[in-house]
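> Need a 3D model of the sequence below.
(4 chains)
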There are 2 protein chains.
Amino acid sequence: MLPTHCLCTKLRRATRSVNRLYDDALAAVGLNAAQYSLLRNLERLERPSITSLAEAMGLDRSTLGRNLRVLEGKGLLALEGGEDQRNRLVSPTAAGRACLDQARAAWERVQEQLGQRLGPEKRSALMALLDELENLG
Amino acid sequence: MLPTHCLCTKLRRATRSVNRLYDDALAAVGLNAAQYSLLRNLERLERPSITSLAEAMGLDRSTLGRNLRVLEGKGLLALEGGEDQRNRLVSPTAAGRACLDQARAAWERVQEQLGQRLGPEKRSALMALLDELENLG
DNA sequence: GGCAACTGCGGGTATATACACGTATTTATG
DNA sequence: CATAAATACGTGTATATACCCGCAGTTGCC
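All right, here's what the predicted structure looks like:
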């Protein structure tokens, strides 16, 4: 693999690599990393609208809308209209909650394993740097 | 934006954010960050095959094959068969090289700007951490 | 030399992602 | 109240990404 000094390329590469790790760990429960993240965020909000869930995740609304369809198709969440007839509120189904419970265990294993490989200093340094990068725009 | 402890999610978020920065910087020359990276790698190899270019970039071959088509459609690179009738060799066109020259200046600006915002210590710490993450599998 | 194994690719499929545009609904303004 | 502005979505389009499968060409082995 050719080395690069480009921060963007390095980030992209590292993300693909780590993403693969999490994807593999979650494959047994039928989720990928992005889907797990979506369900986790959904769990922490009270029947959010598509827009507010997208904001919580830092994703474009139309992106999230499409991601939701995939999980809706798997029967893991439901989209129902609220009082405001414009928006659709997202909530996990029973299957979605059950799936998330299983996924959480798998996630904890890979997260822990990665943390061990990095060691606590690098791990927290990385976290801090990523926070900083996230808040650029 | 909801905070998360998930390394994968944090990486994905930070990458999207930084990627946007580079995309914006490169938009004036009609490239995005991934395309710039592709052309840069192509510049550094001698008429690589699709497979070897994919390996150099750490991308799946079929992914790279599709990415190549986009740049081929823009007239920035050409795919020609070599002696081995199985593979197709990739080379930049004159337009591709010209485009890359322009893109390089834009890239340097955004790379420098990001480096300044981080400061030299964080910048090199980040680089080192990303290298480490890239080499996990 | 002929068949088996390997290599290099393209295509199918699925997903994630973003931006621009249009539409329906709600709110604000005069 | 009527119209303008703002809000919430969906769709169209484009791109990046990966995995699997199959085909064609090459190599190796006997």
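
> number of nearby residues for A:L114?
19 (other Cβ atoms under 10 Å in any protein chain shown). In this view, the C-beta of every residue, glycine as well, is placed from N, C-alpha and C.

> Quickly check: the host helix or strand of A:Q111 near chain B or not.
Using DSSP states H and E, the element containing A:Q111 is helix A:94-118. Yes: under the criterion of Cβ under 8 Å from any Cβ of the partner chain, helix A:94-118 makes contact with chain B via A:107, A:111, A:114-115, A:117-118.

> are any of those buried, and which?
Taking 16 or more other Cβ atoms under 10 Å in any protein chain shown as the criterion, what is buried in the residues of helix A:94-118 next to chain B is A:107, A:111, A:114-115, A:118.

> Which one of the residues of helix A:94-118 next to chain B is nearest to B:L59?
A:L114 (21.8 Å; Cβ to Cβ).

> Tell me who's in contact with the closest one.
A:L114 is in contact with A:18, A:21, B:7, B:136, counting by Cβ atoms under 8 Å, 6 or more residues apart in numbering or on different chains.

> Greatest separation within the residues you listed: which pair is it?
Checking these with Cβ to Cβ, the most distant pair is B:L7 and B:L136, at 11.0 Å.

> So if I had to pick from those two, which one is more boxed in?
The neighbour comparison of B:L7 against B:L136 (other Cβ under 10 Å) goes to B:L7, with 21 against 14.

> Could you measure from that one over to B:N135?
Counting by Cβ to Cβ, to the nearest Å, the separation of B:L7 from B:N135 is 15 Å.

> residue ranges for the helices of chain A, please.
Remark: helices assigned in chain A by DSSP state H are A:7-27, A:33-44, A:50-57, A:61-73, A:94-118, A:120-134.

> I'd like those laid out as a markdown table, including distance to B:L31.
Shown next, in a markdown table, are those (distance: least, Cβ to Cβ, whole Å):
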| stretch | distance to B:L31 |
| --- | --- |
| helix A:7-27 | 12 |
| helix A:33-44 | 25 |
| helix A:50-57 | 27 |
| helix A:61-73 | 22 |
| helix A:94-118 | 32 |
| helix A:120-134 | 21 |
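
> can you put those in TSV and add mean pLDDT and distance to DNA strand C?
As requested, the helices of chain A are exported to TSV (pLDDT from 0 to 100; distance: least, Cβ to the nearest atom of the strand, whole Å):
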stretch	mean pLDDT	distance to DNA strand C
helix A:7-27	97	9
helix A:33-44	98	4
helix A:50-57	97	8
helix A:61-73	98	3
helix A:94-118	97	13
helix A:120-134	97	11
